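Engineer: have a look; sequence and predicted model below, questions after that.
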Amino acid sequence: MPPNLAQDNASGHTQTVKHKKRPSENPHVMNMKQFLLTSFATASAVSATPLFQVRRDHPANALVSRQFADNSSMFLVYYGGPVLTKVEVQPIFYGAFAEETKSTLSSFYSFLTNSVYTDFIADEWSVTGQKIEHGSVLPSITYSGALVDSLDDATYTKQLLRNMIKAGTIKPNSNSYYPIYLGSGVNATQGSHVACVHFCGYHGTVDISDISTKTKYLYYAILPDQAGWCMGGCGDSEDPFENLMSISAHEFAEAVTNPAIGVAKSLGSPLSWYLMGYGETGDICNTIQETMTDAVTGKTWVVQKLWSNKYQMCMSQSPSNKAAKIAPSSDTAVTTSKSSTISAALSKSSSSVNAAPKPAISKPAYVITTKAAKTTKKTTTKKTTTKKAAVKTTTKKK
């Protein structure tokens, strides 16, 4: 998800700016397309990007408008990698947190893993032999070791997780997911890229095959504090906790549907659901928020909408599933117009799913069928085979 931050070249201080300020005024803005093309080379992690960044650089802005205009389609492609079939979420809190905050976030994941939000993910992204089902939430962990001011992904975060395995603090399996929440004053970096300037959160992968017999990979996310200098940069809500929930839902969905992207070095397994030039299911709908009501507890939660291959729009639940209520979308409409990850082309995504939209077109299955890098598109009437475009993997910048 994108932040609304700009660098004051005269003072050297980073300050929050309004949406009206042009993203080109920020010297830190990276080329999103270049990031996507090179993201496999470093085998690190994939991030939700800041608001100003998406508005300027994400190729979806222009392309989706054209695709909706001519009734063509856009589909994430499945490359043969894993999905988390019964996700086990265990939040890790790094820094100072109120007990109420920790409890609320655990309750939020209880909702995500056992609601129509996960049902929607399952309907869209389950694959043969890997059916996504409801998950569970394990007791959270508060990190008790020595704290650092900034967690760099390559030099600190991955090693931190490996050390926690060796100490027996965490015991990952193939469905484990560890969202790491950073307390106030704790920063995160990916090389030269900084939280809330270049990214709002990210999920990644660690190869732990040398220290674990239960799973080859560990899946995690970094979720920076959304108050303070991050405020307003990674969501349109005036409540930083609502923005934090939205980012959490974004990374949760992508960790379930494309968990091993952090170790993927090409367009092939262990990559799962991905679309070159657009990213993952949450990226296309970046910062498009919606408030859902838990039909069991009555609590309301802010989530981020996800892309639907089937319906060709951003959604938070399948139209046929009414178990969770959608709050009146006055604030959702504002979020859509401000975030403009995919601009006015997806404004229809802000309407309630109670309207029961019909599938835009029949849903095909995109799969990689051979090691010779061929992509086969299956439909009910014919098969079309095309060669997969080669991807350079020599360099990557975050």
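Structural biologist: Great, that's in hand.
Engineer: give the buried residues for the longest helix seen in the chain.
Structural biologist: Ordering each helix of the chain by length in residues (DSSP state H) puts helix 240-257 first. Neighbour-count burial for helix 240-257, counted by 16 or more other CB atoms under 10 Å, picks out 240, 242-257. To be clear about C-beta, it is placed using only N, CA and C from the backbone, and glycine gets the same treatment.
Engineer: same check, this time on stretch 86-106
Structural biologist: 87-95, 97, 102, 105-106.
Engineer: now for those residues: which two are most distant?
Structural biologist: Longest distance between any two of those is 24.3 Å, between Val87 and Gly95; criterion CB to CB.
Engineer: any chance of the buried residues of stretch 86-106 in a markdown table with secondary structure and pLDDT as columns?
Structural biologist: Converted to a markdown table, the buried residues of stretch 86-106 look like this (DSSP: H, G, I helix; E, B strand; the rest coil; pLDDT from 0 to 100):
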| residue | secondary structure | pLDDT |
| --- | --- | --- |
| Val87 | coil | 98 |
| Glu88 | strand | 98 |
| Val89 | strand | 98 |
| Gln90 | coil | 98 |
| Pro91 | coil | 98 |
| Ile92 | strand | 98 |
| Phe93 | strand | 98 |
| Tyr94 | strand | 98 |
| Gly95 | coil | 97 |
| Phe97 | coil | 97 |
| Lys102 | helix | 98 |
| Leu105 | helix | 98 |
| Ser106 | helix | 98 |
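Engineer: turn those residues into a markdown table, columns for distance to His134.
Structural biologist: Formatted as a markdown table, the buried residues of stretch 86-106 follow (distance: CB to CB, whole Å):
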| residue | distance to His134 |
| --- | --- |
| Val87 | 9 |
| Glu88 | 11 |
| Val89 | 12 |
| Gln90 | 16 |
| Pro91 | 18 |
| Ile92 | 22 |
| Phe93 | 24 |
| Tyr94 | 27 |
| Gly95 | 30 |
| Phe97 | 26 |
| Lys102 | 22 |
| Leu105 | 18 |
| Ser106 | 16 |
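Engineer: ranges for the helices of the stretch 201-350 of the chain?
Structural biologist: 240-257, 330-339 (DSSP state H, counting those that start in this stretch).
Engineer: right, and Gln312 touches Ile284 too?
Structural biologist: No. Between Gln312 and Ile284 there is no contact under CB atoms under 8 Å: 10.4 Å.
Engineer: anything in contact with each of the two?
Structural biologist: Common neighbours of Gln312 and Ile284, using CB atoms under 8 Å, 6 or more residues apart in numbering, are Met74.
Engineer: so, low pLDDT: which residues of this structure?
Structural biologist: 1-72, 322-398 (pLDDT under 70).
Engineer: ok, 50 please
Structural biologist: 1-44, 50-71, 327-356, 360-398 (pLDDT under 50).
Engineer: picking up where we left off before, which one of the buried residues of stretch 86-106 is nearest Thr189?
Structural biologist: Tyr94 (14.0 Å).
Engineer: so what's that closest one closest to, chain neighbours aside?
Structural biologist: With sequence-adjacent residues excluded and distances taken as CB to CB, 6 or more residues apart in numbering, Tyr94 is closest to Tyr143, at 4.8 Å.
Engineer: that neighbour contacts Ile92, doesn't it?
Structural biologist: Yes. Counting by CB under 8 Å, Ile92 is a contact partner of Tyr143 at 6.2 Å.
Engineer: how much space between Tyr117 and His250?
Structural biologist: 12 Å (CB to CB, to the nearest Å).
Engineer: kindly apply the preceding question to Arg162 instead.
Structural biologist: Distance from Arg162 to His250, by CB to CB: 25 Å.
Engineer: now do Gly129
Structural biologist: Gly129 is 26 Å from His250, by CB to CB.
Engineer: strands of the stretch 1-150 of the chain, residue ranges please.
Structural biologist: Listed in chain order, the strands found in the stretch 1-150 of the chain under DSSP state E, counting those that start in this stretch are 5-7, 14-16, 45-48, 77-78, 88-89, 92-94, 136-137, 141-142, 150-152.
Engineer: for the last one, which strands pair with it and how are they oriented?
Structural biologist: It stands for strand 150-152. strand 187-190 (parallel) (DSSP bridges).
Engineer: alpha carbons of the strand it pairs with, as PDB, please.
Structural biologist: Extracted in PDB, the C-alpha atoms of strand 187-190 (Å, rounded to 0.1, in the frame of the first residue of the first chain):
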ATOM      1  CA  ASN A 187      11.200   1.200  11.500                       C
ATOM      2  CA  ALA A 188      11.600  -1.400   8.700                       C
ATOM      3  CA  THR A 189      13.700  -1.400   5.600                       C
ATOM      4  CA  GLN A 190      14.300  -3.500   2.500                       C
END
